[in-house]
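Q: Sequence and predicted structure are below.
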Amino acid sequence: MFDFSILFPSVLNGITTGAVYALIALGLTLIYGVLHIINFAHGASLMLALYAVYFLKDKLGIDPYLALPLVVPGMFALGYALQRGVINRAGHGKDENILLATLGISIVMENLALLFFKSDTRNIDTAYSLSTVAIGPAMIAVPKLVAFAGALVVSGVLFWIMGRTDLGRAIRAVAKEKEGAKLMGIDVDHVYAMSFGIGLACLGAAACFLLPAYYVNPQVGSGFVLVAFTIVVLGGMGSFVGALVGGFLVGIVESLGGLYLGESLGQIGIFAIFIGVVLFRPEGMFGARA
């Protein structure tokens, strides 16, 4: 049961999967950290990004990885427009209104996908979809390794934006003290929209990394967003480091759970840890105590 040749491939598979989970969760935790709301449309937005990658490949022959310069800006523009044009106007400054607005957007997106794309599950074939690389005793699929490396690069870019740019400083100022940021001349509504856009841009990148080894249908985002919510709470609400570490931890736990309990029960360990964190450390691994 604990043979290294069995455990190592499972842990490695969990790490590669966890990197993509972390990227999805980073977008969610950025939106929460700045707007202080849970984006219920996060899963539906990932679904739209996956469809965008699918049709770029299916109709135009654009490789999923080469679609990054198209899908990431497109998702950023969608997020900016949704926050500025719909969520901000519908919210009227009330958190409950914003939550209902994101829930409504999610329902609309999923039902439009059902209307136009039906409920069929679709995937793509590439020359490298079934290629593998040997790492010690493990054989890892090439798309998973690319997804791992790509997710780390995008996460690094996000950390650089937050720590080294004027936009990042403005985002952190608004997250810390909105009224003080206003007094300093920061356009808070613009920062909100930029944060929402960056959060959805992370989903665009995740979709490009996922689809060579995954599938898309109108309900595909639900499973990912449930895991992303768990990672955000596990790592600490609004903590970027927590989202990154939590993503890797969840990926490893899911992989080991699938190894010992079967694929259908692989996520039991995730939610067992989640319940334990909520009970004994509700602020999460890297969250600040209230």
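A: Noted; the coordinates are in hand.
Q: Which pLDDT value belongs to R281?
A: For R281, the pLDDT comes out at 83.
Q: Near it, how many other residues are there?
A: 13 (other CB atoms under 10 Å). The C-beta positions use only the backbone N, C-alpha and C, and glycine is treated the same way.
Q: can you check L265 too?
A: Counted with other CB under 10 Å, L265 comes out at 11.
Q: Could you check how far it is from G257?
A: 7 Å (CB to CB, to the nearest Å).
Q: just S155 next, same as before
A: Taken as CB to CB, the span from S155 to G257 is 24 Å.
Q: same deal with A205?
A: 26 Å.
Q: And M237, by the same measure?
A: 24 Å.
Q: next one: G276
A: From G276 to G257 the distance is 15 Å (CB to CB).
Q: With L7 instead?
A: L7 is 13 Å from G257, by CB to CB.
Q: avg pLDDT for the helix or strand harbouring L145?
A: Following DSSP states H and E, one finds L145 within helix 142-164. What helix 142-164 shows for mean pLDDT is 93.
Q: Remind me what that helix packs against, helices and strands.
A: Where contact means 3 or more CB pairs under 8 Å, 6 or more residues apart in numbering; DSSP states H and E, helix 142-164 is packed against helix 4-35, strand 132-135, helix 166-176, helix 188-210, helix 240-261.
Q: which helices and strands does the last one pack with?
A: Looking back up the chat, that one is helix 240-261. So helix 240-261, by 3+ CB pairs under 8 Å, 6+ apart, packs with helix 4-35, helix 142-164, helix 220-235, helix 268-280.
Q: Likewise for the fourth one?
A: The criterion is 3+ CB pairs under 8 Å, 6+ apart, and the helices and strands that helix 188-210 contacts are helix 4-35, helix 42-60, helix 68-82, helix 88-91, helix 142-164, helix 166-176, helix 178-183.
Q: These: lowest mean pLDDT?
A: Least confident of the helices and strands packed on helix 188-210, judged by mean pLDDT, is helix 88-91 with a mean of 82.
Q: Tell me the buried residues in whichever helix or strand comes after that helix?
A: Tracing the chain past helix 88-91, the next element assigned as helix or strand by DSSP H and E is helix 95-117. For helix 95-117, burial by neighbour count (16 or more other CB atoms under 10 Å) applies to I98, L99, A101, T102, I105, S106, M109, E110, A113, F117.
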